[in-house]
Each structure stands twice: as structure tokens, then as C-alpha cells.
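1. Give me a model of this one.
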Amino acid sequence: MGKVAFLFAGQGAQHPGMCADLIEAEPAARAVFEAADAVRPGTTEQCLSGTKEELAQTINTQPCVFAADLAAARALEARGVTPDVVAGFSLGEVAALTFAGAYADEQGFELVCRRAELMADAGEKNPGAMRAVVKLDAPTVERLAAEAGEQCWPVNYNSPLQTVVAGTPEACEKLDGLVKEAGGRAMKVAVSGAFHSPFMADAEKGLAAYLAEGHAPAEPRVPVLANRTAEPYPSDEAARVSLLSSQVANPVQWVRTLEAMAAMGADTFVEVGPGKTLTGLVKRTLQDVTALPCETVEQLEAVLAALSEKE
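-> Next up, the predicted model:
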């Protein structure tokens, strides 16, 4: 039997009513949200009843998606599903590390709240924009980003034909035209900053300082593939701190991460948390694998059924 990978959703996957029926039906999921409310009162209510606009604010998005990600993973775990390897997209990496034992649930939640504050502040100081470029391969997007300006960078390598670019609003507008001329399509990403770019340097420094104050991640019990390297978090604590803090200002190597998981023997990928974005990226990147979302009770049961068929 092939191995199971958990993929923890990132920013952009949020929506009103996240994990609503899972919270009601699964005690393990409910416990995660109770822990979140103990650290940040009102988190559960915000996930369930917050408006789309409210949830889109980084300061709210990150804690809410973290809680939803971890809740879905804990629900699966309580039902007997143990992943062989995990990874999280951007903020999902904090949830992945927490699930893998690098942090207690409350510690992981405190970290993601601090991360959200730092990234929101950096976004205000350095106003930026992001574009999802589709229909063009990564080398082409890299070339066009360079043509668009010095402050324009590929930051998320999502799938072979989808790369997200971040930079100044002016550079991103220039990129729009260059992408169209090249036969691709550039779509605005609804975010409040140029995440995973040099514009997040202050957030990186702040996060490094926070982690150094007694908040360093422990060595995970399950391999956690890092966004920066697409390799497992190392045994060296200083290296783990560097990876986690620098992640916010450097590209997410998602294609390489999925390929590394497949090379490790993973053939079932379960997206834990809101939405189906990562499920789609798996299907566009890998062949002959199963990819399933898990946010609702119905989806949870579908994952359990699919895994039982493979046994």
C-alpha cells in the first residue's frame, strides 16, 4: 500500500462557515477550536460567521485557517488515519508542524497569530500586489517577472503551469500585459501584501526574534517538508528556526514538495482544512495518485472509504 500525505491549506482557502459540521460532529476537531478560543477568543465564531471581507484580512485569515487545518487533521487522526509525511502551504506549514508535534496546539496557534501580525505590518509598510499566472511554465514566468521590474518576483510555484508572482502594484500591472502577450493569463490575488517576497523582510526578522525567545519548533515526529527546500525539517534546531522564519520572505516550492512526497512513496494526498485548492494542484502536478479534500463530515467519510479500499 502506498503512503498517505496530509496537505495543510494556506491563505486564500478561507470561507465563511469553515469546518462547521466537523466542529459539531467530531470531538477532536472541536477540541482544536476550543484551544484556539482560549488563546484568541472569538476564533470559532469568526470561522463560522465572519464575513468574506473579514476573513480575507491577514490578521484574521491566518489564525482561522490554521484552526480549520489542524481540526480536520485531528479529526482524521482520531479516526485512525496516520500520515507518513505532511506539508503545509505557506501558513499551512505552521499547522503541519503543530500536527507533527513540533508545537503543542496552543503554541502553534500563538505562533500563527504572531506571524499574521508581522506579515500584516510588513504589508502596510511595503504595499504590494500578487498575480497568479497560468498557462505558462515557471521559467517563462520567471523571465517575464524580471522584465516587469526589479521588484517583481515569482513566489509560489504552485503547479507546472501556475506560478504566483509578487511585487509592487506597478510591476504587477506591467506583468499583466507581458503575460497576455506571451499567451498566458494573470489573475489578481486578493491579498494585502506581497507575501513570500523581499517585501516581507521585516516579518522574517520579527519571526526569527520570536522563535529565538523560546518558541523554536521541536523536531517533528512525522516528516514535514519545508516550503523553502521541499525537504524534511532537519534535526538541528537552529536550522529549523531559520527555515520557519525565512519562509515568509522566500518562495513556496510546492511543485518540488509534491514531487518529493511522491518520490517518498505517497500516492494518497489528503488536503486538510478549507477548500480544494491543494487537491487541484496535486492533480495538475502528479499522475496516478489520489487527491481528496477533507473539511466536512462527508469529505472525512469519503477519505476513510478511499483509504479502506486501498488496504
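2. Just the element for residue 293, please.
-> In this assignment (DSSP states H and E), residue 293 forms part of strand 290-294.
3. Equivalent analysis for residue 245, please.
-> helix 237-246.
4. what helices or strands is that helix leaning on?
-> helix 92-99, helix 201-212 (3 or more C-beta pairs under 8 Å, 6 or more residues apart in numbering; DSSP states H and E). In short, each C-beta sits where N, CA and C put it, glycine included.
5. Can you find the helix or strand in this structure with the smallest mean pLDDT?
-> Every helix and strand of the chain was ranked by mean pLDDT, DSSP states H and E. The lowest is helix 52-55, at a mean of 93.
6. who touches residue 108 in this structure?
-> 66, 70, 94, 95, 97, 98, 102 (C-beta atoms under 8 Å, 6 or more residues apart in numbering).
7. repeat that with 6 Å
-> 94, 98 (C-beta atoms under 6 Å, 6 or more residues apart in numbering).
8. could you check the distance from it over to residue 261?
-> Distance, residue 108 to residue 261, by C-beta to C-beta, to the nearest Å: 21 Å.
9. circling back to that earlier point, and after the helix holding residue 245, which helix or strand comes next?
-> helix 254-263.
10. Can you name every helix or strand that that following helix contacts?
-> strand 152-159 (3 or more C-beta pairs under 6 Å, 6 or more residues apart in numbering; DSSP states H and E).
11. Return the strand it packs on as PDB; C-alpha atoms alone will do.
-> Provided in PDB are the C-alpha atoms of strand 152-159 (Å, rounded to 0.1, in the frame of the first residue of the first chain):
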ATOM      1  CA  CYS A 152       8.800  41.600  -9.100                       C
ATOM      2  CA  TRP A 153       9.400  38.000  -8.100                       C
ATOM      3  CA  PRO A 154       8.000  34.500  -8.600                       C
ATOM      4  CA  VAL A 155       7.000  33.500  -5.100                       C
ATOM      5  CA  ASN A 156       4.700  30.400  -5.200                       C
ATOM      6  CA  TYR A 157       5.500  27.500  -7.600                       C
ATOM      7  CA  ASN A 158       2.000  26.000  -7.400                       C
ATOM      8  CA  SER A 159       1.900  23.600 -10.300                       C
END
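12. From the contact counts, what lies against that strand?
-> Counting by 3+ C-beta pairs under 6 Å, 6+ apart, strand 152-159 packs on helix 138-148, strand 162-167, helix 254-263, helix 277-285.
13. in the helix or strand in which residue 34 is found, what counts as buried?
-> Residue 34 is part of helix 27-39, with elements assigned from DSSP H and E. By 16 or more other C-beta atoms under 10 Å, the buried positions in helix 27-39 come out as 28, 29, 30, 31, 32, 33, 35, 36, 37, 39.
14. What does the pLDDT read for the fourth one?
-> It stands for residue 31. pLDDT for residue 31: 97.
15. Give me the nearest residue to it, chain neighbours excluded.
-> residue 74 (7.1 Å; C-beta to C-beta, 6 or more residues apart in numbering).
16. With the third one instead?
-> What sits nearest to residue 30 in space, not counting adjacent residues and going by C-beta to C-beta, 6+ apart, is residue 23, at 5.2 Å.
17. Tell me how far the host helix or strand of the one you found lies from the chain's centre.
-> Using DSSP H and E, residue 23 sits in helix 20-25. Its chain's average C-alpha position is 22 Å from that of helix 20-25, according to C-alpha atoms, centre = their mean, to the nearest Å.
18. Need the residues that contact it.
-> Against helix 20-25 from outside (C-beta under 6 Å, 6+ apart): 29, 30, 33, 48, 75, 296, 297.
19. who touches the fifth one in this structure?
-> Under the criterion of C-beta under 6 Å, 6+ apart, the neighbours of residue 75 are 22, 26, 28, 29, 300.
20. Grab the two from those residues that are most spread out in space.
-> Farthest pair in these (C-beta to C-beta) is 28 and 300. Separation: 10.7 Å.
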